[in-house]
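Peer 1: Just to be clear, the model below is a prediction. Sequence and coordinates:
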Amino acid sequence: MTDSIKAKLQPLFTESLLQVDYLNPQQDNTNNAYLVTTANEKIYVVKALKDSNINRTPFWQGLNLLFKKNITDSIHSQAAIAEFLNKLQIIAAPTVIQTDYSTNNSLQTPYVIMTKAEGQPILPGSDIAAEVTKNKDIAYQLGLFLSKVHEQQFDYFGNMSDKGVPLKEFPNALAETMRKLATNRKAQQDPEVQKLLPHYCALAREMQPPTSAGIIMLDLWPQQFLLGDNALSALIDLESYVIGPVGLELVLIELWLGPLDKFKEGYFSTGTKWPNFEADRDLYRFFLYLLYGCPDEGLTACLDSRAKFAQGDRVSSRVLMPRPRPGGYSNPSGPGF
């Protein structure tokens, strides 16, 4: 680590810094992450926004359009999200120590300082990531975790900081978000997107509004976690939490997790009601494809994925998803946004 980075980080701490290291910079598309050790041997993680233009990427555009969620809101809400998740006592989250939403600091960019969580990184495309997607114990744990997160219900959708928009307005908001995302350069050059956009915008406007919403994360991929002893030990990326239809998050889970039956067992173990999203699956997949910037695998691969939860309250006795393959929608690295 260069002395210049250490010098920029030092004013954020009252104690002298002994060591500063990059923390898996290839793993985070939004932030530069640093592992900081202070003079009294305390260890922290500093996440500093890479570029204010991150709000212009399809992912953050989509969150802003649909949920009024931008990078500033994400920094503001992380402390509350971490506290909420840690109270569940299933998968830990780092404790947020300090935040700054402005550029008026020594880093000249918004940042978050948090405690270091314990566990092994799950790097995109790695053998560990592939094993995580197939691990039945982890699938059960993740189902249990999300069922507890989803217990808190809302009658609106939006970001984590403000009173949101009534759920009756979600269909039109989703249609308008997809229409605007489809004007991005890569979407404009995707003939499948342009051909099917009118169909899915119409489908969105005609959908039944969700009856309730929950706390969801729309980039919930394996690399957002740390791995412990045959279990997920921590969720380390808290930026993209919003309040929205739970089915939207579950459709994302379908695209990368193998033992969907074990996930559902874990989900049902708390008594949380399973949402009815079967009628909206293709619509949500189309939206996620646009949100991730039209990944190279193509829209057909996303829409035609055979990975599906069993309907209603049934738990399938078989794994519905094909084995993870490099570069596909069952790839643990997720769509390459």
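Peer 2: Perfect, I can see it now.
Peer 1: Excluding chain neighbours, what is closest to the residue nearest the centre of the chain?
Peer 2: With distances taken as CA atoms, centre = their mean, D219 lies nearest the centre of the chain, 2.3 Å away. Setting aside the residues directly before and after it, D219 is nearest to S240 in space (CB to CB, 6 or more residues apart in numbering), at 5.1 Å. From N, CA and C alone the C-beta is placed, and that goes for glycine too.
Peer 1: same deal with G164?
Peer 2: The spatially closest residue to G164, leaving aside those adjacent along the chain, is G158, at 2.6 Å (CB to CB, 6+ apart).
Peer 1: now swap in S77 and tell me
Peer 2: Among residues not flanking S77 along the chain, M160 sits closest, at 3.9 Å (CB to CB, 6+ apart).
Peer 1: Is that neighbour in contact with A79, as I believe?
Peer 2: No: using CB atoms under 8 Å, M160 is not in contact with A79; the gap is 10.5 Å.
Peer 1: Compare neighbour counts for the two and give me the winner.
Peer 2: Each of M160 and A79 has its neighbours counted (other CB atoms under 10 Å); M160 has more, 20 against 17.
Peer 1: Quickly note the distance from P121 to F84.
Peer 2: Distance, P121 to F84, using CB to CB, to the nearest Å: 23 Å.
Peer 1: What is the burial count for the residue nearest to D219?
Peer 2: A total of 19 residues lie near S240 under the criterion other CB under 10 Å.
Peer 1: what are the ranges of the strands in the stretch 151-300 of the chain?
Peer 2: In the stretch 151-300 of the chain, the segments counted as strands under DSSP state E, counting those that start in this stretch are 156-157, 165-166, 214-217, 225-227, 232-235, 241-244.
Peer 1: how about the helix or strand hosting Y140: buried residues?
Peer 2: Using DSSP states H and E, Y140 sits within helix 136-149. In terms of neighbour count (16 or more other CB atoms under 10 Å), helix 136-149 has its buried residues at 138-149.
Peer 1: Please tell me how far L85 sits from P209.
Peer 2: L85 is 28 Å from P209, by CB to CB.
Peer 1: got it, and A39?
Peer 2: To P209, A39 is 55 Å away according to CB to CB.
Peer 1: Confirm S74 sits in a strand?
Peer 2: No: per DSSP: H, G, I helix; E, B strand; the rest coil, S74 lies outside any strand segment and is helix.
Peer 1: Then N29 would be within a strand, right?
Peer 2: No: looking at N29 with three-state DSSP, it is coil, so not inside a strand.
Peer 1: what about it, how many neighbours?
Peer 2: By other CB under 10 Å, 12 other residues sit near N29.
Peer 1: Repeat that for N70.
Peer 2: A count of neighbours around N70, defined by other CB under 10 Å, yields 16.
Peer 1: Make sure it is actually in contact with F59.
Peer 2: No: assessed by CB under 8 Å, N70 is found out of contact with F59, at 11.4 Å.
Peer 1: okay, and for this protein, where does confidence drop off?
Peer 2: Within the chain, the stretches with pLDDT under 70 are 1-2, 24-28, 52, 312-337.
Peer 1: The residue nearest to G164 is in contact with I216, isn't it?
Peer 2: No: counting by CB under 8 Å, G158 stays clear of I216, with 11.7 Å between them.
Peer 1: Can you pull the residues that touch both of these two?
Peer 2: Residues touching both G158 and I216 (CB atoms under 8 Å, 6 or more residues apart in numbering): 242-243.
Peer 1: rewinding a little: ok, now how distant is the residue nearest to the centre of the chain from W60?
Peer 2: Plainly put, D219 is 10 Å away from W60 if you go by CB to CB.
Peer 1: before we move on, what about N40?
Peer 2: Counting by CB to CB - N40 and W60 are separated by 37 Å.
Peer 1: again with K168
Peer 2: Note on K168: its distance to W60, by CB to CB, is 26 Å.
Peer 1: Which one's more surrounded, those two?
Peer 2: The neighbour comparison of K168 against W60 (other CB under 10 Å) goes to W60, with 21 against 11.
Peer 1: Using the three-state scheme, assign the more buried one.
Peer 2: Classification of W60 by three-state DSSP places it in helix.
Peer 1: In space, what's closest to it - neighbours in sequence excluded?
Peer 2: In space, and not counting its chain neighbours, W60 is closest to I54: 5.8 Å by CB to CB, 6+ apart.
Peer 1: right, and the secondary structure at that neighbour would be what?
Peer 2: Applying three-state DSSP: I54 is helix.
Peer 1: quick revisit: just the buried residues of helix 136-149 now: which is nearest S102?
Peer 2: The shortest approach to S102 among the buried residues of helix 136-149 belongs to V149, at 30.0 Å (CB to CB).
Peer 1: and the spatially closest residue to that closest one that is not a sequence neighbour, what are its bridge partners?
Peer 2: Closest residue to V149 apart from its sequence neighbours, by CB to CB, 6+ apart: I215 at 5.4 Å. Beta-bridge partners for I215, by DSSP bridges, are I243.
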